[in-house]
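[1] Task: produce atomic coordinates for the following.
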Amino acid sequence: MVLSLLLSNDFVFKEQFHNGFTDKLSDFAGLFVFSLFWIAFFPRHKRFICISTAVLFVFWKSAYSQFLLKDGIAYRSLESTERLITPIFVHCSSFRCLISTARFPPAFVLIHYQAPGSVVAYYQQVGRAGRALELANCVLLSGQEDTDVVDYFIETAFPTREEAEQVLNVLDEVEGGLSVPGLMERLNISSGRILKTIDLLSLESPAPIVKQGTKWILTPTGLSEEFWQRAQRLTELRRIERDQMQEYVSLTSGHMDFLIRALDGESNEERTSSLPLLPATVEAQLVREAIEFLRGTSLPFEPRKQWPSGGMPKYGLKGKIRAELLSERGRALCMWGDAGWGRLVQNGKYVDRHFSDELIKACADLIRKWNPQPAPAWVTCIPSLRHPKLVPDFARRLSSKLGLPFREAIVKTGARPEQKTMANSTQQARNVDGSLAVIDERLLAGPVLLVDDMVDSRWTLTVAAWLLRSRGTGEVWPLALAMTGNV
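    Predicted coordinates:
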């Protein structure tokens, strides 16, 4: 029961109700779990184990444990239900920097890259900076994208009426219910949104859906209007918290006083910092160096190794993709829209309708640094009916820069919706199913560089690589100008 409480708190409660209570609940639940674990092995030493656990806990939370950080002990924190984030120590010439997400030991200088969603969350984090230290300095780096990020999480915290109706309607149509993969096959909704919808609907009392085995089935109870009213109240509350945080960001002084008053505290004992204000501008040379650093990196992406649930009916494919028909590990020049090459890619695709020579040189440099082996002997690309010249023109110029022959060996068999309109992996795969073909007469022997402007679901590159390898080409090396966050 205690273990269930610990897991529920870390994976659910902290994300939905992040506050001091949920922070401490994990500590106390962890104490019990740790003690019970060792008692199971040494039942005769219950008293000793309980006392030792309490002493160790007090020591770990005290300032005396900080010397252990010199030995590289990392603090771990669960940022979300999806991934485990381990803070990273960066050892510099005169100080150590800890890169973390939410939990960290006392720090002399605390720098936030992007503002949290609420004053409560921010206060909890800056409070750690001063813990066990006489003086701590907090710096918040905030930009317009902060509001965009917070707004995204506010707007996606609950399913929309349309999403809930689609899930309920399809469950009503299918006798015996559907699993999550089954819902993904029938609905153009992302897997994350489907999971959020069924999780929240199943928590209602009485619930409109229940789980039986691996499938979700409809109950006679409908979804009440109270659910939407509650969602609206919580959404409005999050917007108020966002606005309060932005008010804090806009202050020119009195930041600590604002935080204390926002949390109904007394600001009489607030210490005034004697440190000078930090500059609000950055040297142009540093900006240039940062951009050059971003432009000197590339992003790897793995090939898909299995066809989607339900297979690819038009190609007659299902199950695991045979190893000899897989593409190799691919590379993307940048993240879509980033401060390195991302904006240049955006302008080339949607403004200029032509990718610049700078991107040609950047991709050629990337390939030389990447040095895929066996090296590509020729170049081909992913076709498009909407922009028939954009990617082929880029691939042709790149092949000339690399001194390799170019062939338009892959063609589109028919118009399909854009991949970005497909919300989940199964829908994206079905959108590609049967949409590509190879012209055998244009194929060349040997490994091939497969070029595209964007890599999103990876299904287009997966199918193209399968087609090429099935026709006897050598290794297929995918290269994309930009990667989205969905890869």
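[2] How about the helix or strand hosting Y248, which residues are buried there?
    In this structure, Y248 is located in helix 225-249 according to DSSP states H and E. Judged by neighbour count using 16 or more other C-beta atoms under 10 Å, the buried positions of helix 225-249 are 227, 231, 238, 241-242, 245, 248. C-beta coordinates here come from the backbone N, C-alpha and C atoms, glycine included.
[3] Determine which two of those residues are furthest apart.
    Checked with C-beta to C-beta, the buried residues of helix 225-249 reach their widest spread between F227 and Y248, with 32.2 Å between them.
[4] In the stretch 151-300 of the chain, what residue spans correspond to helices?
    Counting by DSSP state H, counting those that start in this stretch, the stretch 151-300 of the chain forms helices over residues 161-173, 180-186, 191-203, 225-249, 255-262, 284-295, given from the N-terminal end onward.
[5] Using CSV, lay out those together with distance to V210.
    As requested, these are arranged in CSV below (distance: least, C-beta to C-beta, whole Å):
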stretch, distance to V210
helix 161-173, 10
helix 180-186, 15
helix 191-203, 7
helix 225-249, 16
helix 255-262, 41
helix 284-295, 49
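[6] could you redo those as CSV and give each row mean pLDDT and distance to C381?
    Formatted as CSV, these follow (pLDDT from 0 to 100; distance: least, C-beta to C-beta, whole Å):
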stretch, mean pLDDT, distance to C381
helix 161-173, 94, 36
helix 180-186, 91, 29
helix 191-203, 92, 29
helix 225-249, 93, 43
helix 255-262, 84, 52
helix 284-295, 81, 23
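[7] Relative to A323, which of those helices is closest?
    helix 180-186 (23.8 Å).
[8] chain center to that closest one: distance?
    For helix 180-186, the distance from its own C-alpha centre to the chain's C-alpha centre is 22 Å (C-alpha atoms, centre = their mean, to the nearest Å).
[9] For it, which outside residues touch it?
    167, 170, 174, 178, 189, 191, 194-195, 198, 215-216, 309-310, 424-427 (C-beta atoms under 8 Å, 6 or more residues apart in numbering).
[10] picking up where we left off before, out of the helices of the stretch 151-300 of the chain, which is closest to V55?
    Within the helices of the stretch 151-300 of the chain, the stretch nearest V55 is helix 255-262; the backing value is 33.4 Å (C-beta to C-beta).
[11] And the closest one, what's buried?
    The neighbour-count check on helix 255-262 (16+ other C-beta under 10 Å) flags 255-256, 258-260, 262 as buried.
[12] Just give the nearest non-adjacent residue to D357, would you?
    For D357, the nearest residue in space outside its immediate sequence neighbours is R397; the separation is 7.7 Å by C-beta to C-beta, 6 or more residues apart in numbering.
[13] for the host helix or strand of the one you found, what is the average pLDDT?
    Mapping R397 onto the secondary structure by DSSP H and E places it in helix 390-402. Averaging the model's pLDDT scores along helix 390-402 yields 95.
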